[in-house]
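> What would the 3D arrangement of this be:
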Amino acid sequence: MTGPQVVSSKHPHAIVPGRWWRAAGDRFVCDLCPRRCHLRPGQRGFCFVRQARPDGIALTTWGHTSGFCIDPVEKKPLNHFLPGSPVLSFGTAGCNLGCRYCQNWEISKARQQDATSVAATPQQVAELARRTDSRAVAFTYNDPVIFAEYALDVAAACHQADISTIAVTAGYITAQARPDFFAGMDAANIDLKAFTERFYRELCYGRLEPVKETLRYLVHETDVWVELTTLLIPGENDSDDEINALSSWICDALGRHVPLHFTAYHPDYRLDRPATSAATLSRARAIARAEGLHHVYTGNVHDVVGNTTWCHACGTALIRRDWYDLHGWGLDPAHPGRCGTCGTTLAGRFEAAPGTWGGRRMSVRPKWPD
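Below you'll find the model as predicted:
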């Protein structure tokens with residue numbers, strides 16, 4: 001079932017009808033993600049937040065949030081979307097993947113009552129972003145696919161206030177739901193967790209192919225700005241062969257202009273592997289650039305070279321970064337998005353000057369009017 005995108009006026013903590021499901025005998029099938037959970041009334045899906053009721057599947061976390069903070073857009077990570085801008089970030093609870101190494105497991109693996117403490121309507125989220133001068137709202141910390149109805153209502157309210165929206169997601173979504181969900185997003189960072197079905201099956205309890213389909217769809221059939229992130233885990237997805245295969249596929253299937261972020265793993269949740277070294281990230285970056293990708297970044301480590309955006313044509317440092325602080329701007333102010341040295345266009349969404357938020361992370365504790 002699907003419906004029109006609207007800005008909902010429901011109160012926080014509402015249970016809202018799901019938009020992607022069908023009846024199948026005495027069960028309902030969730031068509032939001034590739035798991036396609038078959039649920040009898042009362043049962044919850046793998047994500048825990050979608051529940052079958054007598055008349056269909058509902059989202060139980062509409063209006064629930066894990067709280068808000070403002071941080072730089074580069075932390076999503078997005079390096080080619082309004083660089084230096086502040087972003088209002090929030091999540092809810094639950095996830096439709098079961099990653100054994102989840103770096104946000106306190107939220108993504110939590111039941112809703114354990115992780116959601118701040119109630120907010122879509123209009124309240126948009127107003128909070130406006131009052132804090134945030135350029136965008138990011139759905140992050142857990143995967144917004146599972147709270148799609150709420151995310152889309154928030155996105156509609158944000159767009160009415162001229163505020164952009166960002167999905168930080170694993171891209172584990174069906175072909176039926178993709179158009180509706182991403183129509184509400186201006187940018188997305190897709191977590192391409194690895195490039196083998198073995199990794200997705202054993203460490204994430206999912207499949208790789210639906211993610212590849214999502215990426216093809218986003219890059220070739222939408223105007224959503226897309227960047228990719230791969231968390232490198234020693235001994236699991238960091239071999240030269242796998243990095244070569246991943247990078248080659250991005251070049252061929254998506255395009256050399258799509259930015260790729262290699263980020264460092266640290267031991268967490270249920271996977272005991274050593275932390276990723278800075279040398280591993282640098283090696284991966286060199287391999288991906290040798291395969292032909294124009295923009296490859298390193299993350300979760302201090303690496304000015306790997307954090308900086310370089311012109312792929314002439315080698316000029318276009319956006320020099322030290323962690324999340326911007327210390328240089330080589331784009332042409334008269335022609336936003338062009339190299340100030342050679343005039344080559346840099347793929348992304350840019351303005352004449354960068355934002356000045358820097359690397360700050362600021363928690364926000366909103367108080368809504370009665």
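
> you'd agree R35 is up against G45?
Yes - with contact defined as Cβ atoms under 8 Å, R35 and G45 form a contacting pair (7.1 Å). From N, CA and C alone the C-beta is placed, and that goes for glycine too.

> What ranges does the stretch 51-200 of the chain have for its helices?
With DSSP state H, counting those that start in this stretch, the ranges of helices along the stretch 51-200 of the chain come out as 105-108, 112-115, 122-131, 148-160, 178-183, 197-199.

> got any residues that touch both of R35 and G45?
Both R35 and G45 are in contact with N96, where contact means Cβ atoms under 8 Å, 6 or more residues apart in numbering.

> Helix or strand with the lowest mean pLDDT in the chain?
helix 112-115 (a mean of 48; mean pLDDT, DSSP states H and E).

> got a list of what H295 touches?
79-80, 257-260, 309-310, 312, 347.

> any idea how far it is from H80?
7 Å (Cβ to Cβ, to the nearest Å).

> Point out the most buried one among the helices of the stretch 51-200 of the chain.
helix 148-160 (a mean of 24; mean count of other Cβ atoms under 10 Å).

> outside of that helix, which residues touch it?
Taking Cβ under 8 Å, 6+ apart as the rule, helix 148-160 contacts 5-8, 16, 18-20, 32, 59, 61-63, 92, 122-123, 125-126, 129, 136-137, 139, 144, 164-165, 167, 177, 180-181, 184-185.

> Out of those, which end up buried?
Among the contacts of helix 148-160, those classed as buried by 16 or more other Cβ atoms under 10 Å are 5, 7-8, 16, 18-20, 32, 59, 61-63, 92, 122-123, 125-126, 129, 136-137, 139, 144, 164-165, 167, 177, 180-181, 184-185.

> Do I have it right that I57 meets Q51?
Yes - I57 is in contact with Q51 according to Cβ under 8 Å; the separation is 6.9 Å.

> shared neighbours of these two, which are they?
Counting by Cβ under 8 Å, 6+ apart, the shared contacts of I57 and Q51 are 39, 45.

> got the phi/psi numbers for A23?
phi -80, psi 140 (degrees, to the nearest 10).

> what are the bridge partners for it, then?
Taking DSSP bridges, one finds F28 as the beta-bridge partners of A23.

> Compare neighbour counts for R35 and G45 and give me the winner.
G45 (24 against 18; other Cβ atoms under 10 Å).

> gap between that one and G25?
Using Cβ to Cβ, G45 is found at 17 Å from G25.

> and what of G56?
The span separating G56 from G25 equals 14 Å under the rule Cβ to Cβ.

> any idea how far C33 lies from A290?
Distance from C33 to A290, by Cβ to Cβ: 35 Å.

> rewinding a little: and I57 and Q51? which has more neighbours close in?
Counted by other Cβ under 10 Å, I57 and Q51 do not tie: I57 has more neighbours, with 27 against 20.

> who's in contact with the more buried one?
Contacts of I57 (Cβ under 8 Å, 6+ apart): 17-18, 21, 28, 30, 39, 45, 50-51.

> Reformat the residues you listed as a markdown table; add pLDDT and secondary structure.
Below are the contacts of I57 laid out as a markdown table (pLDDT from 0 to 100; DSSP: H, G, I helix; E, B strand; the rest coil):
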| residue | pLDDT | secondary structure |
| --- | --- | --- |
| P17 | 95 | strand |
| G18 | 96 | coil |
| W21 | 98 | strand |
| F28 | 98 | strand |
| C30 | 98 | strand |
| L39 | 98 | strand |
| G45 | 96 | coil |
| R50 | 96 | strand |
| Q51 | 96 | strand |
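
> Take those residues and write them to JSON lines, including distance to C69.
Below are the contacts of I57 laid out as JSON lines (distance: Cβ to Cβ, whole Å):
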{"residue": "P17", "distance to C69": "30"}
{"residue": "G18", "distance to C69": "28"}
{"residue": "W21", "distance to C69": "33"}
{"residue": "F28", "distance to C69": "36"}
{"residue": "C30", "distance to C69": "30"}
{"residue": "L39", "distance to C69": "34"}
{"residue": "G45", "distance to C69": "28"}
{"residue": "R50", "distance to C69": "26"}
{"residue": "Q51", "distance to C69": "28"}
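
> Can you tell me the closest non-neighbouring residue to S89?
Excluding the flanking residues, the one nearest S89 by Cβ to Cβ, 6 or more residues apart in numbering is A138, at 4.4 Å.

> Any chance you could list what contacts stretch 223-230?
Counting by Cβ under 8 Å, 6+ apart, 77-81, 182, 185-194, 215, 218-219, 237, 246, 250, 254, 258-263, 299, 348-349 sit against stretch 223-230.

> All set now, cheers.
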